[in-house]
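Student: Need a 3D model of the sequence below.
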Amino acid sequence: MRENFLKILQTVNRLLIIVAGAALVAMVVLTCANIFMRAVSAPIRGTFELMGFFGALVASLSLGYTQLHRGHIAVDVLVQRFPGRVRKILISINNAICALFFGLVAWQVAEKAAVLRNTGEVTETLRIAYYPFTYGTAIGCAFLALIFIQQLIESVGLGQKREGA
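Tutor: I've put the predicted structure just below:
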């Protein structure tokens, strides 16, 4: 079952990182187009709004990918000095706290997205609804929480077959 959970996480991860990559490409294209348009005539309307939306998607949807590949910065000078068992316990506690934190963040951001959807709030310039991008941010945080749960399961050794059992 643990392997199935990991496969699902990796599949969802690929989809989210593709969306994040597309948003990053859109940011680059929009920036270049805006620079060109400033030189030729007038800047592109709503660039600031779009860059904010795309930036939120790039950051939040790539969190899980980075954690899955252990790409976040870790200052573990102190932890590396502890014995293996203590280190394993600290890593498990960290994974549990991070899973809880990002689960709560995802929940609260999704709540905010629901409020934005219900009120129909849109951006000033382009009149784009905020809530789809807010839900995207919640999805990124929820996925990161799931990655931490998977790593917690891995760190405490749950789901492993015991020898001789």
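
Student: which residues in this structure form helices?
Tutor: Counting by DSSP state H, the chain has helices at residues 2-40, 47-61, 63-68, 84-119, 131-156.

Student: tell me the mean pLDDT for the last one?
Tutor: Mean pLDDT, computed over helix 131-156, is 94.

Student: Pull out the buried positions in it.
Tutor: 131, 133-155 (16 or more other Cβ atoms under 10 Å). Yep, even glycine has a C-beta here, placed from its N, CA and C like the rest.

Student: For burial, what's the neighbour tally of the closest residue to residue 134 other than its chain neighbours?
Tutor: Excluding its sequence neighbours, the residue lying closest to residue 134 (Cβ to Cβ, 6 or more residues apart in numbering) is residue 113, at 3.7 Å. A total of 21 residues lie near residue 113 under the criterion other Cβ atoms under 10 Å.

Student: what sits against residue 113?
Tutor: For residue 113, the contacting residues are 130-131, 134-135, 137-138, by Cβ atoms under 8 Å, 6 or more residues apart in numbering.

Student: can you check residue 155 too?
Tutor: Residue 155 touches 88, 91-92, 95, counting by Cβ under 8 Å, 6+ apart.

Student: same check, this time on residue 144
Tutor: 63-64, 67, 98, 102, 106.

Student: Enumerate every residue touching residue 123.
Tutor: Applying Cβ under 8 Å, 6+ apart, the residues near residue 123 are 46, 49, 130.
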